[in-house]
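Engineer: sequence plus predicted model, see below.
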Amino acid sequence: MRFVVRRLGFYLVAFWVSVTLNFLLPRFMPGDPVSRMLSQSQGRMTPEQVDQMRVLFGLDQRPIWQQYLGYWQSIFTGDMGVSISRFPTPVTEVIASQIGWTVLLGGTALIIAVVIGNALGILAAWRRGGVLDSVLPPVLVFIGSFPYFWLAMGALYLFGVTLGWFPLRHAFTAGLTPSWSPVFLSDVAAHLVLPAATIVLVSIGGWMLGMRNTMIATNSEDYIVMAEAKGLRPSRVMLRYAARNATLPAVTSFGMAIGFVVGGALLTEVVFAYPGLGYQLLGAVSALDYPLMQGIFLTITAAVLVANFLVDIIYVRLDPRVRVS
């Protein structure tokens, strides 16, 4: 419990720092969103309307510490302001409408990459020096060296434009009404294949190499030699003794990856015009939509911190050495 409380204190401090930076950075940038809206309106806004907009976006003439306290109050009440690019829609509604698609894309790609990558790493380390161990790691590392957007554009051109096997953009076909019907779900799955596959191909090599290296170190432990000397089946030794202990570092990596799933693969979402948080963040930056940028950054930060805190708790349960220390 002391370990958990210490970690919780650390993450609370990290959350306070991230919120403070999230509050200060837009105010250090030149200009402000109200001035941009004023220039776009070509002088049609009255001075009273300008003052009201500054109060709405928290950019009035109050002292900075009062604005800071007001920002914390808005966070605790769930009020992140109003989006400028999608005015007058609240930021929370914009994020809520996009985060589901990001979790679907990133979560699907993450689970597939983790399962396949770790399984390949276990087999490669157990049969060290074999064909799987000699050929697949350099191939996957070579593929993983390509940027997301390059691989995404290549897959989009080959399988979408040239062959026409998969849709080119968005998360579902225009005109369909979101529902749980088989027709809509199959259409969503078809739109998901290409963006998810590009993320999996780029990231699977890292998961395989991480598990392979951990498995090689685990295979040299005394309890593995003891299990083999007892005459246990090789498959039992590999799965119940070696792989079970080698997956502990992968748990930490998986927790960190879960947090970053909320951020989405920005460039992949942009290439496929996939309506996730990454695609929405690009639009917010282009429109200087500070409230929406702050809301998305805060959502990503909170997701990363919560995921890592949960991993710390799970790790304490999985590894008795942490509890002893």
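Structural biologist: That came through, no problem.
Engineer: residue 132 contacts residue 125, correct?
Structural biologist: No. Taking contacts as Cβ atoms under 8 Å, residue 132 lies outside contact range of residue 125: 9.7 Å. No exception for glycine: its C-beta is placed from N, CA and C like everyone else's.
Engineer: the two: which has the busier surroundings?
Structural biologist: Taking other Cβ atoms under 10 Å, residue 132 and residue 125 do not tie; residue 125 has more neighbours (24 against 18).
Engineer: nearest residue to that one other than its sequence neighbours?
Structural biologist: residue 215 (3.3 Å; Cβ to Cβ, 6 or more residues apart in numbering).
Engineer: what is the burial count for the one you found?
Structural biologist: 23.
Engineer: how near is it to residue 244?
Structural biologist: Per Cβ to Cβ, to the nearest Å, residue 215 is found 11 Å from residue 244.
Engineer: do residue 283 as well
Structural biologist: 45 Å.
Engineer: these two: which has the busier surroundings?
Structural biologist: residue 283 (15 against 12).
Engineer: could you find the closest non-adjacent residue to that one?
Structural biologist: Nearest to residue 283 is residue 85, by Cβ to Cβ, 6+ apart, at 6.0 Å.
Engineer: which pLDDT value belongs to the one you found?
Structural biologist: At residue 85, the pLDDT value in this model is 72.
Engineer: and if you look at residue 261?
Structural biologist: On the pLDDT scale, residue 261 gets 66.
Engineer: show me where the stretch 51-200 of the chain has its strands.
Structural biologist: Counting by DSSP state E, counting those that start in this stretch, the stretch 51-200 of the chain has no strands at all.
Engineer: returning to what we had before: tell me the SS of the residue nearest to residue 125?
Structural biologist: Under the three-state scheme (DSSP: H, G, I helix; E, B strand; the rest coil), residue 215 adopts helix.
Engineer: ok, now how distant is it from residue 242?
Structural biologist: When residue 215 is compared with residue 242 (using Cβ to Cβ), they lie 6 Å apart.
Engineer: what's the overlap in contacts for the two?
Structural biologist: Common neighbours of residue 215 and residue 242, using Cβ atoms under 8 Å, 6 or more residues apart in numbering, are 122, 125, 126.
Engineer: correct me if wrong: the last one contacts residue 242.
Structural biologist: Looking back up the chat, that one is residue 126. Yes. Counting by Cβ under 8 Å, residue 126 does reach residue 242; the two are 7.2 Å apart.
Engineer: quick one on the thing from earlier: any chance of the shared contacts of residue 215 and residue 242 in JSON lines, plus distance to residue 258 and pLDDT?
Structural biologist: Output for these, formatted as JSON lines (distance: Cβ to Cβ, whole Å; pLDDT from 0 to 100):
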{"residue": "122", "distance to residue 258": "21", "pLDDT": "85"}
{"residue": "125", "distance to residue 258": "24", "pLDDT": "82"}
{"residue": "126", "distance to residue 258": "27", "pLDDT": "79"}
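Engineer: list the ones among those that fall in helices.
Structural biologist: Judged by DSSP state H, helices contain the following of the shared contacts of residue 215 and residue 242: 122, 125, 126.
Engineer: okay if I get these as JSON lines plus distance to residue 152?
Structural biologist: JSON lines is the format used below for these (distance: Cβ to Cβ, whole Å):
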{"residue": "122", "distance to residue 152": "29"}
{"residue": "125", "distance to residue 152": "31"}
{"residue": "126", "distance to residue 152": "33"}
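Engineer: relative to residue 89, which of these is nearest.
Structural biologist: Comparing these against residue 89 with Cβ to Cβ places residue 122 closest, at 47.3 Å.
Engineer: gap between the closest one and residue 134?
Structural biologist: Distance from residue 122 to residue 134, by Cβ to Cβ: 16 Å.
Engineer: residue 11 now?
Structural biologist: 42 Å.
Engineer: neighbour count winner among the two?
Structural biologist: Neighbours per residue, other Cβ under 10 Å: of residue 11 and residue 134, the larger number sits with residue 11, 16 against 11.
Engineer: that one belongs to a helix?
Structural biologist: Yes. Residue 11 sits within a helix when classified using three-state DSSP.
Engineer: list the contacts of it.
Structural biologist: Residue 11 touches 305, 308, 309, counting by Cβ under 8 Å, 6+ apart.
Engineer: okay if I get those residues as a markdown table plus neighbour count?
Structural biologist: Formatted as a markdown table, these follow (neighbours: other Cβ atoms under 10 Å):
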| residue | neighbour count |
| --- | --- |
| 305 | 17 |
| 308 | 18 |
| 309 | 20 |
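Engineer: nearest to residue 200 among those?
Structural biologist: Using Cβ to Cβ, those come closest to residue 200 at residue 308, 22.8 Å.
Engineer: residue 177: neighbour count?
Structural biologist: Neighbours around residue 177, by other Cβ under 10 Å: 7.
Engineer: thought it was touching residue 187?
Structural biologist: No. With contact defined as Cβ under 8 Å, residue 177 does not reach residue 187; the gap is 11.0 Å.
Engineer: give the residues shared as contacts by these two.
Structural biologist: Contacts common to residue 177 and residue 187, judged by Cβ under 8 Å, 6+ apart, are absent.
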